[in-house]
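>>> Sequence plus the predicted model coming up.
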Amino acid sequence: MRILLLLLLGILCLRAGAQKKPYQVRTIAFYNLENLFDTHNDSLARDDDRTPDGADRWSRARLDRKLKNLARVLSEIGGEIGASPPDIIGVCEAENRKVLEELIGQPALRPFDYGIVHFNSPDHRGIDVGLLYRKGRFFPTEARSFRLLLHDSDGSRKYTRDQLVVSGLLDQEEIHLLVNHWPSRGGAALHSRVYRKEAALRQRFLVDSILYHHPGANIISMGDFNDNPTDASMRILSRGRYPEGDLYNPMEKLFRKGTGSLAYRDRWNLFDQMLFSTSWISPSVGSYRLWRARVFQPAYLKTREGRYRGYPFRTYAGGRYQGGYSDHFPVYALLIK
C-alpha cells in the first residue's frame, strides 16, 4: 500500500509539473487625444478657438462628452483579447495636467487608479505629451522633459512639444518610456520634414544615452511621429537590422499591409507608433517580451457614413462639431512573460 501511495504521489507531481505556467500580460498604449483643451482662455497659448466664445464654441458640455468618450476608448484598449485596461498610456495633445486629471477621474477609468506624469512644454498651441500609469503595476522612479530647439528658415524660434522620458519599474522590471509628438506636416510634408529629422536626432540621442548608462535597457519609444514607419526620420531610430542600439518597429509590418491610425486625402498613414529596444525581442528568462502590436479601431471609433466613412470619428470635422473621439486611432502593444 505504501509503495502504491508513493507511485500515485509521483504521478500527481509529474502532472502538476506538466501544467503550463499562466502567462502574465501587460498592455502599453498610445493615444493622440486630439486637442483636449479645458474651456479657459490661456493668454500664453493659441487656444482661443477652444473656449466658449471661440470659433469652436468649446463648452463645458462638449468637454465633458469628450472626456467620457476618450475614457471609454482607453478603458477598452486590449479588451478584444481579454486584456485589462492599459497599464501604461502615452498621450499627446493635452493642454495641461488638469484635463488629464479630469480624464483619469472619469467613471470608466477611476477604478484603475491611474497616475500622471506631465510637464508643461512651450508648444505654440499649448499642447503637451504625458504619461498615464496604473499605480499598482508601474512605479515611476525618474521623469524628465527634454526641449526640442527648432528654428525657421529666417532664424526665428519654432516652438514645439518636449520629449518626455520616464523610467520606472513595471512589476519590478526596470523600463524606460519615451513619449513623443513630433512637429506636424502642416500641409507641406517636404517643408516640415527637416523639423522631424531634428526630432528624430534628439530622440536618438536620448535612446543612446539610456543605453550608455544602462546597457541592455528595456526601452519603448512611442508617440505621434507625424511620419510613417518607412520615412527617413523613422529610419534614424529603426534601420531595420536591429543591431545594438537600434529600435525594432513592429508597426512597419502593419503599415506595409495597409493598416493606418489616421487618414488624409484617401490615404492611410501610421503616424502613431511604438518602437522597442532589442531587449524586448530576446529577453532574459522570466522577463517581459514583446508579444504583438496593434491599432485599436473598433467600429464606434469610425465615421459611419459620408465622404469620410471609415475614417476616425473626430470631435470636429470641416469646422463642424461631430461629438466624436479623435482624428487618430490609438495603438497598443502587449508584453508577455
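Structure's in. What do you need? Numbers count the residues shown, from 1 in each chain.
>>> Can you name every helix or strand that the host helix or strand of residue 195 contacts?
For residue 195, the element it lies in under DSSP states H and E is helix 189-213. Here helix 189-213 is seen to pack against strand 163-170, strand 173-181, strand 219-224, helix 232-235 when contacts are counted using 3 or more C-beta pairs under 8 Å, 6 or more residues apart in numbering; DSSP states H and E. To be clear about C-beta, it is placed using only N, CA and C from the backbone, and glycine gets the same treatment.
>>> If you count neighbours, what's buried in that helix?
Neighbour-count burial for helix 189-213, counted by 16 or more other C-beta atoms under 10 Å, picks out 192-193, 195-200, 202-204, 206-207, 210-211.
>>> Report the lowest-confidence entry in those residues.
Per-residue confidence across these is lowest for residue 192, with 87 (pLDDT).
>>> Which secondary structure elements does the host helix or strand of residue 74 sit against?
In this structure, residue 74 sits in helix 60-76 according to DSSP H and E. Secondary-structure packing of helix 60-76 (3+ C-beta pairs under 8 Å, 6+ apart): strand 25-36, helix 97-104.
>>> in that helix, what's buried?
If you call a residue buried by 16+ other C-beta under 10 Å, then helix 60-76 has these buried ones: 62-63, 66-67, 69-76.
>>> ok, and the closest non-adjacent residue to residue 65?
With sequence-adjacent residues excluded and distances taken as C-beta to C-beta, 6 or more residues apart in numbering, residue 65 is closest to residue 323, at 6.0 Å.
>>> Residue 73 too?
Nearest one to residue 73, counting by C-beta to C-beta, 6+ apart, is residue 325 at 5.9 Å.
>>> Just the pLDDT at that neighbour, thanks.
Predicted confidence (pLDDT) for residue 325: 98.
>>> For it, give its distance to residue 300.
Taking C-beta to C-beta, to the nearest Å as the measure, residue 325 and residue 300 are separated by 8 Å.
>>> These two - which one has more neighbours?
With other C-beta atoms under 10 Å as the criterion, residue 325 and residue 300 differ in neighbour count, and residue 325 comes out ahead with 23 against 13.
>>> these two touch, right, the more buried one and residue 69?
Yes - shown here, residue 325 and residue 69 form a contact pair, counting by C-beta atoms under 8 Å, at 4.8 Å.
>>> Using the three-state scheme, assign residue 245.
Of the three states, residue 245 takes coil according to DSSP: H, G, I helix; E, B strand; the rest coil.
>>> still on that earlier bit, pick the most buried one from the helices and strands packed on helix 60-76.
strand 25-36 (a mean of 24; mean count of other C-beta atoms under 10 Å).
>>> Check the offset of that strand from the chain's centre.
The offset between the C-alpha centroid of strand 25-36 and the centroid of the whole chain comes to 4 Å, using C-alpha atoms, centre = their mean, to the nearest Å.
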